[in-house]
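Enquirer: My questions concern the predicted model and sequence given below.
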Amino acid sequence: MTDRHELRFSRRLYHGEAVDQAVKAFARFASFDLEQTDDDWVVRFTPNDPALARRLRGELGNHALGLTVQRGGAK
């Protein structure tokens, strides 16, 4: 059984490159798959340590948000 998780980042709120960079920053903690839908940037991940899954969700989201703000918002 895998400990697979999903985060959705609204394309109206998040910059796609910021989401990509956030995933790269946390790549050593989980395996990631990315998908783009009409409305969202979808990030699916399996953490290396399932005990860190909740924290990883929060940190990844915060990092993507911070990078989006630095870029001036969604594009």
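Expert: Cool, got the structure.

Enquirer: where are the low-confidence patches of the protein?
Expert: For the chain, the stretches with pLDDT under 70 are 1-2.

Enquirer: try 80 this time
Expert: In the predicted model of the chain, residues 1-2, 75 satisfy pLDDT under 80.

Enquirer: Can you show me the helices along it?
Expert: Taking DSSP state H as the criterion, the chain contains helices spanning 16-25, 53-70.

Enquirer: Select, out of those, the one closest to residue 42.
Expert: Smallest distance to residue 42 across the helices of the chain (CB to CB): 9.4 Å, for helix 16-25. Bear in mind the C-beta positions are built from the backbone N, C-alpha and C, glycine included.

Enquirer: Against which helices or strands is the closest one packed?
Expert: strand 30-36, strand 40-47, helix 53-70 (3 or more CB pairs under 8 Å, 6 or more residues apart in numbering; DSSP states H and E).

Enquirer: ok, and which of those has the densest surroundings?
Expert: strand 40-47 (a mean of 19; mean count of other CB atoms under 10 Å).

Enquirer: other SSEs contacting that strand?
Expert: For strand 40-47, the packing partners by 3+ CB pairs under 8 Å, 6+ apart come out as strand 5-10, helix 16-25, strand 30-36, helix 53-70.
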